[in-house]
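**Q** Dropping the sequence and predicted coords here.
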Amino acid sequence: MSEQPAAAPLAGIKVVDLSKILAGPYVTMSLADLGADVVKVEHPDGGDPTRGWGPPFNGPDATYYLAANRNKRSVTLDLKSPGGQEAVHRMLATADVVVENFRPGSSLARTFDHAQLSAAYPRLVVLHISAFGDHGPLRDEPGYDMVAQASAGLMSLTGEPGGPPVKAGYAMGDLGAALFGIIGVTSALVERERTGRGQYVTTSLYESQLALHINWATGYFATRERPQRLGSGHPSLVPYQAYPAADGHFVIAVGNDALFRRLCEALGHPEWADDPRFATNRDRVTHRVALNAELEAALARDTVAHWCALLGSEGVPVTPIRALDEVYDCPQTAALGMVQKVDHPDVGPLEQVAFPVTFRGERPSVRTAPPTLGQHSREVLAELGYSEAEITRLLDHPQP
C-alpha cells in the first residue's frame with residue numbers, strides 16, 4: 001500500500017460506491033479525494049451510464065464520466081446475481097461507507113435495504129440519494145437534474161425577466177445533493193467515533209434545492225409574493241448584476257451605499273448618489289429599472305477592459321465575465337493549483353479540476369485517473385479472498 005499524501009484526512013476509510021450518474025459518484029469521488037479507498041461497483045454491460053454520455057469523449061469514456069470518478073477503483077459485478085451480491089457483502093463487511101442511489105421500490109433497493117445493512121454491519125454508514133426524498137407523494141418518482149431544477153424552483157428564478165425559464169449551467173440538482181451527502185457522510189463518521197455505530201443517511205435532489213433557496217425562501221415567507229426572474233440581477237441588492245459595455249458584458253457588485261457613491265463618482269455622475277431614488281440600497285431596489293437604465297447608457301460608451309480597470313482602481317467590485325477557457329488559463333487558477341494532471345491508461349495525461357479545500361495549506365492530490373470499466377476487478381476480488389479460479393468464474397460467468 002502506497003503512503004498516503006498529507007492532505008488525506010479520510011485515509012483508512014473504505015467506501016463502496018453502488019451509485020451511478022452524478023450525485024452519488026461526486027460524493028464518492030470527493031471522499032476518495034480526501035484519502036478514502038473507494039471501490040466503484042459497475043454492471044459488466046457498459047458500467048456507469050455516464051461512460052456513454054457523449055460526445056465529447058476522451059479515450060473510451062465520455063468526459064462526463066471522467067469528471068466524477070477519479071481516485072477510485074472499478075469492479076464489474078451484476079448486482080442482481082447471487083454471486084455479485086455475495087461479493088458486495090464481502091466488501092461491506094469491512095467497509096465504513098456505502099453510497100447508493102437505487103430507485104425507491106426497485107429490486108436493488110429491496111436487496112440492499114438500509115435497515116438490513118445496518119443490522120448486518122452496525123458500523124456502516126449508508127448514504128442513500130434519491131430524487132425527491134424518502135417520504136411524501138413524490139417519493140417513488142424518478143428524477144434527473146433537470147427535473148430537480150424544475151420541480152424545486154430553480155428554473156423559475158433563472159432567466160431574463162419576462163423570458164422563458166432556464167436551467168442553471170451547472171447540474172445544481174445533482175451537485176447540491178452531492179454536497180449535502182458529503183456533509184451527511186462525514187458527520188456520521190464523526191458521530192461513529194463517539195457511539196461506535198454507523199447509521200442511515202439520506203438526502204435528495206429536491207431537498208437540497210430547497211436548502212439552497214436561502215434568501216429567496218425567507219423573502220417569500222415574509223411577503224408571500226411569488227419571486228420573479230431577474231436575469232443576473234439580485235433580489236435585494238442594486239446594482240449587482242451583469243451590465244453591457246461597448247464590447248461585451250461585465251459584472252458590477254455593489255454591496256453598500258459607500259460603494260455606490262464610489263461607483264457614481266467614477267462614472268462621472270456623483271449626483272446619482274444623492275438622488276432620492278438611489279441614495280440607499282432600499283431605494284435602489286425599488287427603482288432598479290430606472291437606475292439600470294442610467295447605468296447602461298453610461299457604460300455603453302466604453303469597453304469592458306476600460307470599466308473594469310477604472311472601477312477596480314476605485315475599489316468597486318467588478319470583473320469581466322470569463323469563459324471556461326479563460327478561467328482555466330487565469331493566473332489565479334494556476335496559483336491555486338486547481339487544475340492537475342494524472343496519467344490515464346488510454347488517454348495519457350488527463351486534466352482534472354482538483355478538490356477545492358486545502359489542509360495545512362496542501363490540496364488533496366489527483367492520485368489516479370478515473371478507472372476504465374472493471375480495471376481493478378481482479379485486484380479487489382483477490383483482496384476479498386476470492387481465488388483466481390473463483391475470480392475468473394465470477395467475472396466471465398456472473399450468473400451462477
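**A** It's in. Numbers count the residues shown, from 1 in each chain.
**Q** residues in contact with the closest residue to residue 362 other than its chain neighbours?
**A** With sequence-adjacent residues excluded and distances taken as CB to CB, 6 or more residues apart in numbering, residue 362 is closest to residue 7, at 4.1 Å. C-beta here means a position set from N, CA and C on the backbone, and glycine is covered the same way. Residue 7 makes contact with 35, 358-360, 362-365 under the criterion CB atoms under 8 Å, 6 or more residues apart in numbering.
**Q** Can you spell out which helices and strands pack onto the helix of greatest length in the chain?
**A** If you go by DSSP state H, the chain has its longest helix at helix 172-195. Helix 172-195 is packed against helix 23-33, strand 97-100, strand 125-130, helix 145-151, strand 200-204, helix 205-211, with contacts defined by 3 or more CB pairs under 8 Å, 6 or more residues apart in numbering; DSSP states H and E.
**Q** 10 Å instead, please
**A** helix 23-33, strand 97-100, strand 125-130, helix 145-151, helix 154-157, strand 200-204, helix 205-211 (3 or more CB pairs under 10 Å, 6 or more residues apart in numbering; DSSP states H and E).
**Q** Report the angle between it and strand 125-130.
**A** Relative orientation of helix 172-195 versus strand 125-130 (axes from the mean of the first three to the mean of the last three CA atoms, to 10 degrees): 160 degrees.
**Q** Take the helices and strands packed on helix 172-195 and lay them out in JSON lines including mean neighbour count, mean pLDDT and distance to residue 53.
**A** Formatted as JSON lines, these follow (neighbours: other CB atoms under 10 Å; pLDDT from 0 to 100; distance: least, CB to CB, whole Å):
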{"stretch": "helix 23-33", "mean neighbour count": "27", "mean pLDDT": "98", "distance to residue 53": "12"}
{"stretch": "strand 97-100", "mean neighbour count": "26", "mean pLDDT": "98", "distance to residue 53": "20"}
{"stretch": "strand 125-130", "mean neighbour count": "26", "mean pLDDT": "98", "distance to residue 53": "18"}
{"stretch": "helix 145-151", "mean neighbour count": "20", "mean pLDDT": "97", "distance to residue 53": "12"}
{"stretch": "helix 154-157", "mean neighbour count": "18", "mean pLDDT": "97", "distance to residue 53": "21"}
{"stretch": "strand 200-204", "mean neighbour count": "21", "mean pLDDT": "98", "distance to residue 53": "22"}
{"stretch": "helix 205-211", "mean neighbour count": "21", "mean pLDDT": "98", "distance to residue 53": "18"}
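**Q** Rebuild these as JSON lines, extending it with distance to residue 383.
**A** Below are the helices and strands packed on helix 172-195 laid out as JSON lines (distance: least, CB to CB, whole Å):
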{"stretch": "helix 23-33", "distance to residue 383": "17"}
{"stretch": "strand 97-100", "distance to residue 383": "17"}
{"stretch": "strand 125-130", "distance to residue 383": "21"}
{"stretch": "helix 145-151", "distance to residue 383": "34"}
{"stretch": "helix 154-157", "distance to residue 383": "42"}
{"stretch": "strand 200-204", "distance to residue 383": "26"}
{"stretch": "helix 205-211", "distance to residue 383": "34"}
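**Q** quick revisit: and the longest helix of the chain with strand 200-204, angle?
**A** 160 degrees.
**Q** The residue positioned nearest the centre of the chain: what's its closest spatial neighbour, skipping adjacent residues?
**A** By CA atoms, centre = their mean, the chain has its centre lying nearest to residue 175, at 2.9 Å. Closest residue in space to residue 175, ignoring its immediate chain neighbours: residue 26 at 6.4 Å, by CB to CB, 6+ apart.
**Q** do residue 247 as well
**A** Distances taken as CB to CB, 6+ apart put residue 303 closest to residue 247, at 4.8 Å, once the chain neighbours are dropped.
**Q** these two touch, right, the one you found and residue 245?
**A** Yes - between residue 303 and residue 245 there is a contact under CB atoms under 10 Å: 5.6 Å.
**Q** Which one's more surrounded, those two?
**A** Ranked by neighbour count (other CB atoms under 10 Å), residue 303 and residue 245 place residue 245 first, with 19 against 14.
**Q** re earlier: redo the contacts of residue 7 as JSON lines? Include pLDDT, neighbour count and secondary structure.
**A** Listed next are the contacts of residue 7 as JSON lines, based on pLDDT from 0 to 100; neighbours: other CB atoms under 10 Å; DSSP: H, G, I helix; E, B strand; the rest coil:
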{"residue": "35", "pLDDT": "98", "neighbour count": "22", "secondary structure": "coil"}
{"residue": "358", "pLDDT": "97", "neighbour count": "13", "secondary structure": "coil"}
{"residue": "359", "pLDDT": "97", "neighbour count": "15", "secondary structure": "strand"}
{"residue": "360", "pLDDT": "95", "neighbour count": "6", "secondary structure": "coil"}
{"residue": "362", "pLDDT": "97", "neighbour count": "12", "secondary structure": "strand"}
{"residue": "363", "pLDDT": "97", "neighbour count": "18", "secondary structure": "coil"}
{"residue": "364", "pLDDT": "97", "neighbour count": "24", "secondary structure": "coil"}
{"residue": "365", "pLDDT": "94", "neighbour count": "19", "secondary structure": "coil"}
